[in-house]
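>>> 3D, please:
(chains A and B)
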Amino acid sequence: MAVNSSAAEPQQARSSNVLQGFLMRIIVLTIVIAAFMRFGNVNIGAIGQGLGYALAGVTVFLTFRVLGFVDLTVDGAFPIGGAVCAVLIFGGVRAEIAILAAFVAGSLTGLATALIDIVFKIEGLLASIIVITGAYTVTLHIMGGKSNVPLLGKETLISRHSKDFRNWLVEQFGDQMRRQSTNLLEIMIFGLIVIAVLLVLYWFLRTEIGLAIRATGKNDQMVRATGLNHHMMIIIGLMVANGLAAMAGSMVVQQFGFADVSLGFGLIIRGLAAVIIGEVLLRPRTIGQLLIAAAAGMLVFDISRAWIFSALDLPTTDIQLVSALVVLAALGAPRLYDQWRSYQQRRN
Amino acid sequence: MLQLDNVSVTFNAGTPNEVKALQNLSLFVEDGEFVTVIGSNGAGKSTLFNVISGAVQADSGRIELDGEDITFSPEYQRSHDIGRVFQDPRLGTCPGLTIRENLSLAAIHGRSAGFRRDVKKAEEASFFEQLERQRLGLEHRLDADVALLSGGQRQAITLVMATLTKPKLLLLDEHTAALDPNAAEQVISLTQELAEANDLSVVMITHSMQQACDLGDRVIMMNQGKIEFEISGQERANLTPADLIERFHSLGSGAELSDRQLLA
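Predicted coordinates:
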């Protein structure tokens, strides 16, 4: 487009500024977190854990932010994914296939919520509570009526390579690395999975279906007026989102070495916190940046929580209360700041 | 082209709040015809549009578009053939998406969305040309968020979106009512241009007697869910807003004109 060139330049310059600012904030955040972990004595295991849960943060981003759908299904999809994965691995199925199966199980959970919303016209909040309640029993049944399935001695993505990796690490860097080898392996494997999933999502959200899903969350009237079935977009969106939550569940199960029926408890709140932490700290603008911010927000959440634990020397029984307080801080601080700002403005 | 036979819509049927929004209404719009619709608040103009577009289902009667019975087809399917512009400029476009993305979404119109890339290089030239024709300078801001545009600009983009894939019928629901006079004039001339260029059948609800006299081939006056009178042919050509207001008042009770309608 020759005609366009004069005006296109400032636009491109602006978008590259946006990108530069975002990259700067990522770098600064990384340095701050690294310093935090180094001097706050936080084990790098927190990163692996954050990566395991990161996709659940992306789930909440997709439902709340992209689809504009208040969906709590993640609390049910996550343990279902964990259960499916654990049972399959326990039965000797390869871990990769178990993860994909978990994704499918999670999508079906999302489908249930979407259909309840569309068919019965029950709003998302209630629809998803109904699904979570039922999902608890489904999870128990998947795990053969037990509330816990251990994976001790089974081949997970982590345990498959852990011995080789440990030997290699000790050989290269000496014996002090032995203790961290599993944590490092988790970070590498989960990091790769999360990056791969984010890339696929980045592609997906920029397809026609992805565009229609994004539009549905902002203005479903307009989506209908352009001849697209917005119900279909809600179904696809919730299926993908909750498939990801189940995938996170399957990753965390392999990390912990067991599946538990109560694994998803309060996850929705963590996901929300992750999305908001990501937005506040990284101020993402484009779809790609928003996706990265949601995943990064989960990392920051887990690391902050781990830091509080080590700083205050708390027992693990306090974990939910600490989670709740971190979430409260993440949700409350931006609002308190806004209130304080408008108060200052009124005084001047 | 568009044919409504004895269409009725009743809201809250059987309750004290029962409203007969449309009562056995029949309407025929010819190919390429431009019809304006006037009427007081609650006359059933918007319900008429909603029942044509499928946002509201008819309780009885039959709706046909281009020979095809669409009485029971869902809203999104009818949208393949019907373009719509709403009164509220925020309804027609999607904030948070760029102008380009909004237009791309409209360009999917009539097919189902697939895994093709959302914004396509091949469409850019046609978007540029369409926007350039509006003389609003928006063709240089394809990557601007729609939320940053004024009501008039958003309405202009909605018009382009609604006509991008040449629908059979264009429904305009007081689409200039929320705009300032300048923007309204621009949007109206754009409406005329697009309707003529694409040879569209247009039904336009308007609050402005002046618009009803200036635009289109036929005026329909609605009252209490019915078509009260139609003016076409020679009588329509000589019609002035004063005539319309007089005819309006001769209807007696129920036909109240708001100040807005008298002044516009």
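>>> Buried residues, the strand or helix carrying A:L108. List them.
Assigning secondary structure by DSSP states H and E places A:L108 in helix A:95-119. Neighbour-count burial for helix A:95-119 flags A:95, A:98-103, A:105-117 (criterion: 16 or more other Cβ atoms under 10 Å in any protein chain shown). Where C-beta positions appear, they are placed from N, C-alpha and C, glycine not excepted.
>>> helices and strands around that helix, which ones?
Other helices and strands packing on helix A:95-119, by 3 or more Cβ pairs under 8 Å, 6 or more residues apart in numbering or on different chains; DSSP states H and E, are helix A:74-90, helix A:124-142, helix A:157-173, helix A:230-256.
>>> what residues does whatever helix or strand comes next after the second one touch?
Moving toward the C-terminus from helix A:124-142, the first helix or strand encountered (DSSP H and E) is strand A:148-150. When contacts are defined by Cβ atoms under 8 Å, 6 or more residues apart in numbering or on different chains, strand A:148-150 is touched by residues A:83, A:86-87, A:90, A:143, A:257-261.
>>> and strand A:148-150, which strands flank it?
Sheet pairing here is set by DSSP bridges, and for strand A:148-150 it gives strand A:258-260 (antiparallel).
>>> still on that earlier bit, the helix holding A:L108 vs helix A:157-173, what angle?
For helix A:95-119 and helix A:157-173, the angle between their directions (axes from the mean of the first three to the mean of the last three Cα atoms, to 10 degrees) works out to 130 degrees.
>>> buried subset of the contacts of strand A:148-150?
By the neighbour-count criterion of 16+ other Cβ under 10 Å, the contacts of strand A:148-150 include these buried positions: A:83, A:86-87, A:90, A:143, A:259-261.
>>> now the helix holding A:L108: mean pLDDT?
Confidence over helix A:95-119, taken as the mean pLDDT, stands at 97.
>>> out of everything not next to it in sequence, what's closest to the residue nearest in space to the middle of chain B?
When chain B is reduced to its mean C-alpha position, the nearest residue by Cα atoms, centre = their mean turns out to be B:L172, at 1.4 Å. Counting by Cβ to Cβ, 6 or more residues apart in numbering or on different chains, B:L172 lies nearest to B:M204, which is 4.1 Å off, once chain neighbours are set aside.
>>> ok, then the element right after the helix or strand the one you found falls within?
Element membership for B:M204 (DSSP H and E) is strand B:201-205. In the C-terminal direction, the helix or strand that comes right after strand B:201-205 (DSSP H and E) is helix B:209-214.
>>> tell me which residues in that next one are buried?
When neighbours are counted by 16+ other Cβ under 10 Å, the buried residues of helix B:209-214 are found to be B:209, B:211-213.
>>> Just the closest of the residues you listed to chain A, please.
B:Q211 (22.2 Å; Cβ to the nearest Cβ).
>>> Count the residues that sit near the residue lying closest to B:F127 once chain neighbours are set aside.
If the residues on either side of it in the chain are set aside, B:F127 comes closest to B:L103, at 5.0 Å by Cβ to Cβ, 6+ apart. For B:L103, the neighbour count with other Cβ atoms under 10 Å in any protein chain shown is 24.
>>> B:L103 touches B:T165, doesn't it?
No. With contact defined as Cβ atoms under 8 Å, B:L103 does not count as touching B:T165 (10.8 Å).
>>> Now do the contacts for A:I268.
Taking Cβ under 8 Å, 6+ apart as the definition of contact, the neighbours of A:I268 are A:60, A:72, A:74-75.
>>> and what of A:V240?
Residues counted as contacts of A:V240 (Cβ under 8 Å, 6+ apart) are A:62, A:107, A:110, A:201, A:204.
>>> Could you rerun that using 7 Å?
Applying Cβ atoms under 7 Å, 6 or more residues apart in numbering or on different chains, we find A:V240 in contact with A:L62.
>>> swap in A:L228?
For A:L228, the set of contacting residues under the criterion of Cβ under 7 Å, 6+ apart consists of A:212, B:76, B:108, B:113.
>>> Spell out which parts of chain B neighbour chain A.
Counting by Cβ under 7 Å from any Cβ of the partner chain, the residues of chain B lying close to chain A are B:75-76, B:79-80, B:84, B:91-97, B:101, B:104-106, B:108-110, B:113-118, B:124-125, B:128, B:140, B:143.
>>> circling back to that earlier point, for the residue nearest to B:L172, give its distance to B:T191.
Between B:M204 and B:T191 the computed distance is 8 Å (Cβ to Cβ, to the nearest Å).
>>> Then A:L211?
When distances are taken as Cβ to Cβ, A:L211 and B:T191 turn out to be 26 Å apart.
>>> Also B:R218?
Spatial separation of B:R218 from B:T191 under the definition Cβ to Cβ is 16 Å.
>>> How about B:L215?
Taken as Cβ to Cβ, the spacing of B:L215 relative to B:T191 amounts to 8 Å.
>>> Compare these two (neighbour count), which wins?
Regarding B:L215 and B:T191, a neighbour count based on other Cβ under 10 Å identifies B:T191 as having more, with 26 against 20.
>>> Quick check, the more buried one in contact with B:L159.
Yes. When contacts are counted by Cβ atoms under 7 Å, B:T191 is listed as touching B:L159 (6.3 Å).
>>> residues from the stretch 51-200 of chain A in reach of chain B?
Looking at chain B, no residue of the stretch 51-200 of chain A is close enough under Cβ under 7 Å from any Cβ.
>>> So, low pLDDT: which residues of the stretch 51-200 of chain A?
Counting by pLDDT under 70, the stretch 51-200 of chain A contains no low-confidence range.
>>> got the CA coordinates for the host helix or strand of A:R214 in PDB?
Secondary structure assigned from DSSP H and E places A:R214 in helix A:208-218. Taking C-alpha atoms only, helix A:208-218 is exported to PDB below (Å, rounded to 0.1, in the frame of the first residue of the first chain):
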ATOM      1  CA  GLU A 208     -11.000 -15.800  12.700                       C
ATOM      2  CA  ILE A 209     -12.400 -17.900  15.500                       C
ATOM      3  CA  GLY A 210     -10.100 -16.300  18.000                       C
ATOM      4  CA  LEU A 211     -11.100 -12.800  16.800                       C
ATOM      5  CA  ALA A 212     -14.800 -13.800  17.100                       C
ATOM      6  CA  ILE A 213     -14.200 -15.100  20.600                       C
ATOM      7  CA  ARG A 214     -12.400 -11.800  21.600                       C
ATOM      8  CA  ALA A 215     -15.300  -9.800  20.100                       C
ATOM      9  CA  THR A 216     -17.900 -11.900  21.900                       C
ATOM     10  CA  GLY A 217     -16.400 -10.900  25.300                       C
ATOM     11  CA  LYS A 218     -16.700  -7.200  24.400                       C
END
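>>> Which strands and helices lie in contact with that helix?
Under the contact criterion of 3 or more Cβ pairs under 7 Å, 6 or more residues apart in numbering or on different chains; DSSP states H and E, helix A:208-218 touches helix A:220-225, helix A:230-256, helix B:99-108.
>>> Please report phi then psi for B:V85.
Main-chain torsions, B:V85, degrees, to the nearest 10: phi -130, psi 130.
>>> Show the contacting residues for it.
Contacts for B:V85 (Cβ under 7 Å, 6+ apart) come out as B:92, B:155, B:158-159, B:162, B:172-173, B:175.
>>> ok, so of the residues you listed, who is nearest A:F165?
Of all those, the one sitting nearest A:F165 is B:G92; the distance, using Cβ to Cβ, is 56.2 Å.
>>> Need the per-residue pLDDT for that closest one.
In this prediction B:G92 is given a pLDDT of 90.
>>> what does the one 10 residues further on give?
B:N102 carries a pLDDT score of 94 in this model.
>>> Then B:G44?
pLDDT, the model's per-residue confidence, is 90 for B:G44.
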